[in-house]
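# Structure of the sequence below:
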Amino acid sequence: MICQKCGLSQATVHRTNTVFRTKIEEHLCVLCADVSMEPTSPAPAADPFAHIRRNDRIRAAEVRVISPEGKQLGIMQITEALKLAAQAGLDLVELAPSGVPPVCRIMDFDEYLYEERRKRRGESS
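Next up, the predicted model:
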């Protein structure tokens, strides 16, 4: 395909309309497709739970793992803990990052966020 602006070379650039979340296909070469001029997505709202490390964001090599039922599984390598969480279809969430080793729990992080937000809404009402 030929560039729609300069007509010299070929390339296809997919851009996302941030208002309607639709893909717009434009045929532009690398020179005409100025990536720096693309609109940036709006800044996300301040997430009070963004500081909680989970899954691949956990930096420790070894962690103390707690099962979804609350049972201590012991200290293990982060890769092994991530495998256990993946097998259960849940997230590995770092609860006490200052512990040696850090304490992590296998849990459904989305459900945890839901419960925490409900608690905060209840306190502010």
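
# quick one: the strands in the protein?
Remark: strands assigned in the chain by DSSP state E are 13-17, 22-26, 62-66, 72-77, 91-96, 103-107.

# residues near residue 77, how many?
For residue 77, the count of nearby residues is 12 (other CB atoms under 10 Å). Every C-beta, even on glycine, is put in place using the N, C-alpha and C of the backbone.

# tell me the contacts of the residue lying closest to it once chain neighbours are set aside?
For residue 77, ignoring the flanking residues on the chain, the nearest one in space by CB to CB, 6 or more residues apart in numbering is residue 62 at 6.0 Å. Residues near residue 62 by CB atoms under 8 Å, 6 or more residues apart in numbering: 75-78, 101.

# can you check residue 104 too?
With contacts defined as CB under 8 Å, 6+ apart, the neighbours of residue 104 are 58, 63-66, 81, 92-95.

# Out of the residues you listed, which comes closest to residue 118?
residue 93 (17.6 Å; CB to CB).
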